[in-house]
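**Q** Let me see the structure of the following:
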Amino acid sequence: MNLKKITITFSISRPTLSLILLTLLSFVLLIAGVIKTQQLRGVYLLWNLFLAWIPLFFALVARRYQSSPQTPVKFRQTVTYICLGFWLLFFPNSPYIITDLIHLTESQSHILWFDSVSFFIVALAGLATGLYSLYVAHQIVQRLTNKFLGWSILTISVILSGFGLYLGRVIRFNSWDLFTDPIFLFRKSFQELQNPLAIQTTMVFSLVVMVLYISLNLLIPPSYERTKNVA
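**A** Now for the predicted structure:
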């Protein structure tokens with residue numbers, strides 16, 4: 001009985017394993033680029049990829065507690081809501097990594113082909129990690145509410161993440177600013193709502209993330225929706 005419980009606790013889902021493999025490939029390619037050029041080029045992408053994993057971590061923790069019958073109901077709900085809040089805070093870091101492709105303009109011509117491959121794999125890993133965290137969070141919210149509210153909250157979250165991506169790339173805010181300087185962050189955010197570029201960026205990235213998520217949702221087998229006790 002105990003062995004069975006341990007197996008369930010430490011099991012890893014196929015989607016998470018695939019994301020781990022993509023992340024390892026990203027690490028290998030970036031380190032290979034450093035060795036090849038003898039320069040610390042693109043290493044900052046590893047930090048951005050780490051940030052892309054944070055929302056998935058909170059989403060998986062929320063799912064684990066939501067489906068844990070041994071945990072008291074109030075504590076389980078509190079942990080779930082807190083984790084979902086942190087998930088939403090860090091989620092923009094995942095699609096943000098796509099914008100790192102602009103750094104390809106800094107690559108020299110003889111290494112551009114390699115940088116294109118490595119940067120693309122890193123962006124793919126970060127985006128896929130974010131989309132899977134979105135899927136897990138969506139399933140959690142649907143269990144807490146219903147299908148209609150689940151999709152409504154998902155849509156709002158994606159739009160907020162699109163605006164958060166704009167704040168990160170253009171205004172150069174990051175998730176930590178909510179804790180270090182929240183007043184300035186909110187004041188500047190409200191000011192940027194009047195900026196046409198902010199609206200355009202938010203709409204484009206919200207549309208892209210939403211369509212990619214719907215495509216992913218159609219690819220995932222319906223049977224996987226019943227998965228609760230795996231990472």
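**Q** Can you list the buried residues in the longest helix anywhere in the chain?
**A** In the chain, with assignment by DSSP state H, the single longest helix is helix 112-144. Neighbour counts over helix 112-144 (16 or more other CB atoms under 10 Å) mark 114-115, 118-119, 121-123, 125-142, 144 as buried. C-beta: built from backbone N, CA, C; applies to glycine.
**Q** Please report the distance of the closest residue in space to L149 that isn't next to it in sequence from W53.
**A** Spatial nearest neighbour of L149, excluding adjacent residues (CB to CB, 6 or more residues apart in numbering): V141 at 7.3 Å. To W53, V141 is 20 Å away according to CB to CB, to the nearest Å.
**Q** before we move on, what about S13?
**A** In terms of CB to CB, S13 sits 15 Å off from W53.
**Q** re earlier: what helices or strands is the longest helix of the chain leaning on?
**A** Applying 3 or more CB pairs under 8 Å, 6 or more residues apart in numbering; DSSP states H and E, one finds that helix 112-144 makes contact with helix 14-37, helix 44-66, helix 73-90, helix 93-96, helix 147-169, helix 196-219.
**Q** Mean neighbour count, those helices: which tops it?
**A** Mean neighbour count (mean count of other CB atoms under 10 Å) peaks for helix 93-96 among these, with a mean of 27.
**Q** Show me what it is packed up against.
**A** Helices and strands touching helix 93-96, by 3+ CB pairs under 8 Å, 6+ apart, are helix 44-66, helix 112-144, helix 147-169, helix 196-219.
**Q** and if we set it to 6 Å?
**A** Judged by 3 or more CB pairs under 6 Å, 6 or more residues apart in numbering; DSSP states H and E, the packing partners of helix 93-96 are helix 44-66, helix 112-144, helix 147-169.
**Q** can you redo those as TSV with mean pLDDT?
**A** Converted to TSV, those look like this (pLDDT from 0 to 100):
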stretch	mean pLDDT
helix 44-66	92
helix 112-144	94
helix 147-169	93
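**Q** out of those helices, nearest to I97?
**A** Nearest to I97 among the helices and strands packed on helix 93-96 is helix 112-144; the distance by CB to CB comes to 3.4 Å.
**Q** chain center to the closest one, what's the gap?
**A** How far helix 112-144 lies from its chain's middle: 6 Å, per CA atoms, centre = their mean, to the nearest Å.
**Q** Same check on stretch 106-123?
**A** On the basis of CA atoms, centre = their mean, stretch 106-123 sits 22 Å off its chain's mean C-alpha point.
**Q** cool, and stretch 86-105?
**A** 8 Å.
**Q** R63 versus V79, what's the distance?
**A** V79 is 11 Å from R63, by CB to CB.
**Q** Check P182 too.
**A** Separation of P182 from R63 (CB to CB): 28 Å.
**Q** my guess is S206 contacts L160, does it?
**A** No: with contact defined as CB atoms under 6 Å, S206 does not count as touching L160 (8.8 Å).
**Q** Which residue comes closest to the residue positioned nearest the centre of the chain once chain neighbours are left out?
**A** Centroid-nearest residue in the chain, with CA atoms, centre = their mean: G130, separated by 2.7 Å. In space, and not counting its chain neighbours, G130 is closest to S94: 2.3 Å by CB to CB, 6+ apart.
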